[in-house]
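[1] Okay, predicted coordinates and the sequence, questions at the end:
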Amino acid sequence: MAARLYLIPNLLSAENIHKSIPLYNQEIIRNLKHFIVENPKPARHLLKAAGVKTPFEDIYFYEFNEHTRESELSDIIKPLIDGNDMGLISDAGYPAIADPGEKIVKIAQQKHFKVVPLSGPSSIFMTLAASGLNAEQFSFHAYLPIKKPDRIKQILELEAISFKTGYSQIFIEAPYRSQYLFEDIISCCKSETVLSIAVELMSEHEFIQSKSISQWKKSKLDLKNKRVVFVIGS
């Protein structure tokens, strides 16, 4: 039997851990010895939550992130080639979606390894489901441009697409830029456009709300250094 690559969702919050890790996932995690991780620290936290005893003897972490060179890929997936099952873990939420692990999955498919997606938290789909916006037809755009003029241009393009097609437009941002993105959206979008935001999902401070832009302009919201998913709809 070919080795398997398990896609293992990571915690969205350090709080309420028991809500985030299905029992089946815990069993899989405890039986694996090889993990491809974006960053070892969040991965170790997940393993501890799943009941893996510390110190992590005989467990191997292979870092794969935006700094990894293509030439390193063969070494990273060598355990799969040697017949060992591996787990793919992102820093938070579901791996391989808006995540460097996408390249690992692509290689695993090309080399005919079995890819096994496990159930667990995905901030993108959780936000969309709770937004009340169109969840049958939607587009996900990951991160918008960093430079403000380019970012506003794309926001307006996504708003226009939403009005024309009815498709919900989903995107995310690094926590330290969440406030800037929110302010750009409410400053440039039409008053009737609906914006849904989900803040710090699965934490004690979770906040999910859908309002028109005109309503958001009346609200005071501090998103600095917070994990946020944004959805624009009409």
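    Received, thanks. Note that the structure is a prediction, hence the values are computed from the model and not measured.
[2] per-residue confidence for Val17?
    Not Val; residue 17 is Ile. Here, the pLDDT recorded for Ile17 equals 69.
[3] can you check Ile213 too?
    With respect to pLDDT, Ile213 scores 98.
[4] other SSEs contacting the lengthiest helix in the chain?
    The single longest helix within the chain, with elements called by DSSP state H, is helix 148-165. On a contact count with 3 or more CB pairs under 8 Å, 6 or more residues apart in numbering; DSSP states H and E, helix 148-165 meets strand 138-143, strand 168-173, helix 178-188, strand 228-233. No exception for glycine: its C-beta is placed from N, CA and C like everyone else's.
[5] quick one: buried residues of it?
    151-152, 155, 158-159, 162 (16 or more other CB atoms under 10 Å).
[6] Quick one: those as JSON lines, columns for pLDDT too.
    Shown next, in JSON lines, are the buried residues of helix 148-165 (pLDDT from 0 to 100):
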{"residue": "Arg151", "pLDDT": "97"}
{"residue": "Ile152", "pLDDT": "98"}
{"residue": "Ile155", "pLDDT": "98"}
{"residue": "Leu158", "pLDDT": "98"}
{"residue": "Glu159", "pLDDT": "98"}
{"residue": "Ser162", "pLDDT": "97"}
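[7] For the helices and strands packed on helix 148-165, give me a markdown table that also has distance to Pro117.
    Formatted as a markdown table, the helices and strands packed on helix 148-165 follow (distance: least, CB to CB, whole Å):
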| stretch | distance to Pro117 |
| --- | --- |
| strand 138-143 | 17 |
| strand 168-173 | 19 |
| helix 178-188 | 28 |
| strand 228-233 | 20 |
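[8] Make JSON lines from those and add mean neighbour count, mean pLDDT and distance to His45 to it.
    As requested, these are exported to JSON lines (neighbours: other CB atoms under 10 Å; pLDDT from 0 to 100; distance: least, CB to CB, whole Å):
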{"stretch": "strand 138-143", "mean neighbour count": "15", "mean pLDDT": "96", "distance to His45": "24"}
{"stretch": "strand 168-173", "mean neighbour count": "23", "mean pLDDT": "97", "distance to His45": "21"}
{"stretch": "helix 178-188", "mean neighbour count": "18", "mean pLDDT": "97", "distance to His45": "22"}
{"stretch": "strand 228-233", "mean neighbour count": "25", "mean pLDDT": "98", "distance to His45": "21"}
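[9] For Ser210, give the beta-bridge partners.
    Under DSSP bridges, the beta-bridge partners of Ser210 are Ser196.
[10] Count the residues that sit near Leu46.
    Number of residues near Leu46 (other CB atoms under 10 Å) recorded here: 26.
[11] Phi, psi for the residue nearest to it when sequence neighbours are not counted please.
    Nearest non-adjacent residue to Leu46, counting by CB to CB, 6 or more residues apart in numbering: Asn10, 5.2 Å away. Taking degrees, to the nearest 10, you get phi -100, psi 170 for the backbone angles of Asn10.
[12] Then Gly51?
    Residue torsions, per degrees, to the nearest 10, at Gly51 are phi 100, psi 10.
[13] so who does it touch?
    By CB atoms under 8 Å, 6 or more residues apart in numbering, the residues touching Gly51 are 26, 29-30.
[14] Mind checking which of these are buried?
    26, 29.
[15] Show the contacting residues for the closest residue to Ala174 other than its chain neighbours.
    Spatial nearest neighbour of Ala174, excluding adjacent residues (CB to CB, 6+ apart): Tyr143 at 7.4 Å. The contact partners of Tyr143, by CB under 8 Å, 6+ apart, come to 98, 171-174.
[16] Recalculate using a threshold of 10 Å.
    98, 151, 171-174, 177, 181 (CB atoms under 10 Å, 6 or more residues apart in numbering).
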